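I need the structure of the sequence given here:
(one chain, ligands or ions: 1)
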Amino acid sequence: MFFNAALFAAPNKVLAAVSGGVDSVVLLDLLCDLKKSLGFTLAVAHLNHQIRQSAAERDADFVENLAAKYDLPFHLSVKNVPALAKQSGLSLEDAGRKARYEFFFQEAQLHQYDTLALAHHADDQAETILFRLLRGAAAKGLSGITPERREQGVRLVRPLLQAAKQEILAYAAAHALTFQEDETNADTAYTRNKLRLEILPQLKEINPNYQEGLRRTAEILRADDEYLDTEARRLYAEIVVGENPARIKLDAVALQGCHRALARRVVRLAIEKLCGALNDISLSYIENFLDNGLTTISLDENGKLLVSK
Ligand SMILES: Nc1ncnc2c1ncn2[C@@H]1O[C@H](COP(=O)(O)OP(=O)(O)OP(=O)(O)O)[C@@H](O)[C@H]1O
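Numbering: from 1, shown residues only. Below is the predicted model of the structure:
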């Protein structure tokens, strides 16, 4: 299935996250087409990360013009991601992701969009799973990108998750769609690019259906993860002894006494409650927290994560 149209229905108010790259340009074109037959509401959101100034402005202008071409409302935010990364100690990639999702949720809530559509595709899925596997990950990380989930009252959907990059490029060519190229995508100094450009093609030679194998593994792990997550949420409610938007304290004895599989999840849940949609928490961070008998997670005034006894 190239595009999962079943994720959309008439009363939906959809906000499409458009970076200007080919994936989200194709997503927007498909959504506009579907809107004609289903009649849902559609708008475009773009975040200017200010990472490479001239390219960032070029992308923002491009997406604004694209929204105008389709006659859609356009929501823009500009965030100084390099400064945010410095303040918080996050990588540029993580700080950009955090800023992006905060903006998407804010806009969705402000304008009552119930659905946020993102253009992740099958190659992103394979790349994400392998990247996390190499770095060390639990079932949640290896269950990959979810096609549909709910967060902060908004439904996040990825209708292109089963589409291969080649199919997306072919659609763009067939419909004469123009898009912006990200020059850094070709730079194999970045691990993710090296995976995408060098390793994934070799995996394809070994098994042309490797993406399907990874997809199936991810699906099984997702079900395991959902079950354990429900248990962890129940446990969290029992062992949290203090909770406010900047600080969470867990009961030390209860945390040390429960199974490591659940303890890891309780700590992750606490971090997610403080950091919102930052979903790439490293496994070693959580292991250190538990190994050192820590109980408290907090955010300093710059949004930096701190842990203590
Ligand atoms: N600057 C942006 N403005 C609006 N939407 C964006 C922007 N950057 C990315 N997106 C949306 O997020 C999707 C995923 O982007 P990308 O693959 O660059 O991010 P990622 O870091 O790999 O994934 P994620 O942010 O979900 O973890 C894009 O297809 C697009 O829908």
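
CA only for contacts and neighbour counts going forward, please
Will do.

for residue 154, what are its contacts?
When the contact criterion is CA atoms under 8 Å, 6 or more residues apart in numbering, the partners of residue 154 are 105, 108, 109, 113, 114, 115, 116.

does any part of the host helix or strand of residue 68 sit near the ligand?
Counting by DSSP states H and E, the element that carries residue 68 is helix 53-69. No - contact between helix 53-69 and the ligand, assessed by CA under 6 Å from any ligand atom, is absent, since the two come no nearer than 8.0 Å.

Work out the gap between that helix and the centre of the chain.
How far helix 53-69 lies from its chain's middle: 22 Å, per CA atoms, centre = their mean, to the nearest Å.

Pull out the buried positions in it.
Counting neighbours by 16 or more other CA atoms under 10 Å, one finds that the buried residues in helix 53-69 are 55, 56, 57, 59, 60, 61, 62, 63, 64, 66, 67.

Surely the third one and residue 46 touch.
The one in question is residue 57. No - Residue 57 sits out of contact with residue 46 when judged by CA atoms under 8 Å, with a separation of 11.0 Å.

ok, now which ones touch the closest residue to residue 255 other than its chain neighbours?
Of all residues not flanking residue 255 in the chain, residue 263 sits nearest, at 5.9 Å (CA to CA, 6 or more residues apart in numbering). Listed by CA under 8 Å, 6+ apart, the contact partners of residue 263 are 232, 255, 256, 290.

How far away from the center of its chain is whichever strand or helix holds residue 263?
Assignment of secondary structure by DSSP H and E places residue 263 within helix 260-275. Averaging C-alpha positions (CA atoms, centre = their mean) puts helix 260-275 18 Å from its chain's average.

List the buried residues in that helix.
In terms of neighbour count (16+ other CA under 10 Å), helix 260-275 has its buried residues at 262-271, 273-275.

for those, which one is nearest residue 171?
Proximity of the buried residues of helix 260-275 to residue 171 was ranked by CA to CA; the top entry is residue 275 with 36.6 Å.

Model confidence at the closest one, what's the number?
On pLDDT, residue 275 comes in at 81.

how close does the residue lying farthest from the centre of the chain sit to residue 239?
Computed with CA atoms, centre = their mean, the maximum C-alpha offset from the centroid of the chain is found at residue 253, amounting to 33.6 Å. In this structure, residue 253 lies at 9 Å from residue 239, with CA to CA, to the nearest Å as the measure.

Likewise for residue 139?
Here residue 139 is placed at a distance of 23 Å from residue 239 (CA to CA).

What is the neighbour count of residue 214?
Applying other CA atoms under 10 Å, we find 19 other residues in the vicinity of residue 214.

just checking, it touches residue 128?
No - look at residue 214 against residue 128 with CA under 8 Å: they stay out of range, at 10.4 Å.

contact partners of the helix holding residue 68?
The contact list for helix 53-69 (CA under 8 Å, 6+ apart) reads 18-20, 43-44, 46-50, 73-74, 76, 180.

Pull the contacting residues for residue 127.
192, 195, 196, 200.

10 Å - rerun?
With contact taken as CA atoms under 10 Å, 6 or more residues apart in numbering, residue 127 is in contact with 133, 144, 192, 193, 194, 195, 196, 199, 200, 211, 214.

Cheers, nothing more for now.
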